[in-house]
Structures are given as structure tokens and as C-alpha cells.
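Asks: Pasting the sequence and the predicted coordinates here, then a few questions.
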Amino acid sequence: MTHPAAEGFFMPAEWAPHARCWMAWPVREETFPNGLPAARAAYAEVAKAIAQFEPVTMLCPDGALADVSLACGPGVSVLPVPCSDSWLRDNAPSFVVNGKGDVAGVHWGFNAWGRNYEDFQLDTQVGRLILENQGLKRFAAPLVMEGGSFHVDGEGTLLTTEECLLNPNRNPHLSRGEIEAHLASHLGVREFIWLNKGYEQDETDGHIDEIAAFVKPGVVLTMVTDDTSDPNYPVFQDNVARLKAARDAAGRTLEVVTLRTPARQEQHGVRLTLSYTNFYMANGGIVMPLFEDPMDAEAISLFGKLFPDRKIIPVPALDIVRGGGGIHCITQQQPAA
């Protein structure tokens, strides 16, 4: 089987035009300690916000079609696809394009973030079912990977963390170089920027979308904290240093934009990953998280400066974060042909 890059495919940046956004309706009660109704209301708000800019398709159980359609409104279509969980960034395909107007999908292996839970078999098939629904070519990748664990600039650069991609609970048989080779052949990237660790107590083992994101060519937004007693402080300082020392695939040094984290919040003694880099970039819009924190206003102001040509839509995200992720985690963009 040939690889996407061998056929001219590459993964575009998230600011490239989208055909649609994919999401999945919350179904796992134990994921959301505040209950499924609160989580579903939060997902619906995100879907409605994105639907202002581009089509949204929500996967859901066959018997829930009417309820989901009613909750999300007329701008969101629903598709019956069985799922174990609702973090579609991580088990949906990573879509790739070529210079001929074609779109295809990379279907990664999935093991529930290093087997955080065992009943994930339905989620391993979601990528295939989405691609079949869209009539798109499927490239099955020979490694376990989650979409939230990497970020690309569409110009050959990939940003990720050692904590996640080199974790033995994903691909213990692969070396760093072998992982890079698979990512290069499946996403069309050639330059890798490795940060060390992610957000403290992030159950994904350091997903990049909780700490950093490309916002335009040569520009990265990353989280920091002024609190030197915060365990994140040395981690984030190291991340900033690595980003400033890096060069992207075009040979540019990066412009590093920093944004402070909100105040610490916990749930059952575990820190919540409150991160403004966990946002969704829609066609002409930015759907960003709010955390009921004074830092929200600073984040909204910065996003307005970073994205002057996009409408900023802030959405309350605590009921999503309590489940273990954020707005970027629950969405997956499909690029336009």
C-alpha cells in the first residue's frame, strides 16, 4: 500500500478552508462527572457556534437522531455512527489533500489514550466509517496516534510532545525516528518541533492542543504561567525556549505568542486542563473556550488581535473540560477539496 505523501497528499493547516466539521455526541456517562445533560448542552453550543461558519455533522447513536437534531438545531446534521466516546479529534481521520483537488483521510490506530479505558472498540472504526460516508480514500496508518497529539502548519512542519508520542503506552515498538518517518509519509511533513511535556495531569499524556497551536505561518500560540510554584511553570518555560530555538520547514524562526493560563481548578483532586489553545478555527471564525476566570477577557482580546479577519465566538467550556478535553478535542475539520 502506498503512503499519502507518495501520492502527493499532505495535511493542510487548520486555517485552510473547510468543507465541514465533525463532532460526536457524548454517550459515556463516566466521562462526565457533572452528567451527560450538561456535557451535551456544552457540545451543542459548540456545534451551533461552528455552524455559523461551516457545516457541522454530529455522530450519534441510531436511537438518538431526533434528540440530537433538536438539541443542535437546523445548522447541524446528524449521522448514526456508533461511538464509545466523544473526543472526535482523536479517533476521526486526519484529512489530507493534494494539489489536484482531492481529499483523503489517514485512519490512525486508536487505543483510548494508552488504554485509559478498555471498551474502545467502536472508536477504532469511526475513522473508516466517516471516510466511507464521504466516499474518500482511506490510508490506514501503522501506528497508534491521536489527532490532538500533533499540530501542523500546512507547510511541512509538525509540532508535538515527547511525553505523548514517545510514551510506551502508544507505540512501544517504534523509535522516535520511526515515528517521525510514519508521520512524514502520512501527513506530508518534513520538520518536527518536539516539546517535552504537556499540561500537568493531562490524561492524554501531553497532547499538544492543550499547550500550543500554530495560528498562522511561522506563528505559535503557547500557554505560560507567572506562578513559579505551579508545576506547569518549568514545563511551559522549557516549551517557550524550545519554540524560540526551533525553525519551521520554511527555515523561519518562530514568532512565539504567549497567553497565561486561568487559575487552577480541580475535580476530585485532579487538575483541569484549562487551556485557550484548545480552540477551533472555523471558516471565518474562531470558537474559543471560556472558563469563568478573569483571564477569559485577556484571551478574548488576544484572539481578536491574532485573528483580525475572523469573528471570535467565546463559548463556555468547563463542562467539556471536566470530561478531559476542550473545544479542539471534540472537533475535527475536513478540508475543502
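Replies: Received it, and whenever you're ready, just let me know what you need. Numbering: from 1, shown residues only.
Asks: Surely Ala13 and Leu158 touch.
Replies: No - using CB atoms under 8 Å, Ala13 is not in contact with Leu158; the gap is 11.2 Å. For the C-beta atoms, the positions are set from N, CA and C on the backbone; glycine is no exception.
Asks: Leaving out the residues flanking it, which one is nearest to Gly105?
Replies: In space, and not counting its chain neighbours, Gly105 is closest to Pro93: 3.2 Å by CB to CB, 6 or more residues apart in numbering.
Asks: quick one, what contacts the one you found?
Replies: Residues in contact with Pro93 (CB atoms under 8 Å, 6 or more residues apart in numbering) are Gly105, Val106, His107, Trp108, Gly127, Ile130, Leu131, Leu136, Arg138, Gln332.
Asks: buried subset of these?
Replies: Gly105, Val106, His107, Trp108, Gly127, Ile130, Leu131, Leu136, Gln332 (16 or more other CB atoms under 10 Å).
Asks: circling back to that earlier point, how about CSV for the contacts of Pro93, with pLDDT added?
Replies: CSV is the format used below for those (pLDDT from 0 to 100):
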residue, pLDDT
Gly105, 98
Val106, 98
His107, 98
Trp108, 98
Gly127, 97
Ile130, 98
Leu131, 98
Leu136, 98
Arg138, 98
Gln332, 98
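Asks: Among those residues, find me the one that's closest to Ser175.
Replies: Using CB to CB, Trp108 comes nearest to Ser175 of the contacts of Pro93, at 18.1 Å.
Asks: Chain neighbours aside, what residue packs nearest to that closest one?
Replies: Per CB to CB, 6+ apart, closest to Trp108 is Met145, 4.0 Å.
Asks: quick one: what helix or strand has Thr57 in it?
Replies: Thr57 is part of strand 56-60 when elements are defined by DSSP states H and E.
Asks: after that strand comes which helix or strand?
Replies: helix 65-72.
Asks: buried sites along whichever helix or strand comes after that following helix?
Replies: Remark: after helix 65-72, the chain's next helix or strand is strand 76-80, criterion DSSP H and E. Of the residues in strand 76-80, those buried by neighbour count under the rule 16+ other CB under 10 Å are Val76, Val78, Leu79.
Asks: same question, stretch 191-208
Replies: 191-195, 197-200, 202, 204-208.
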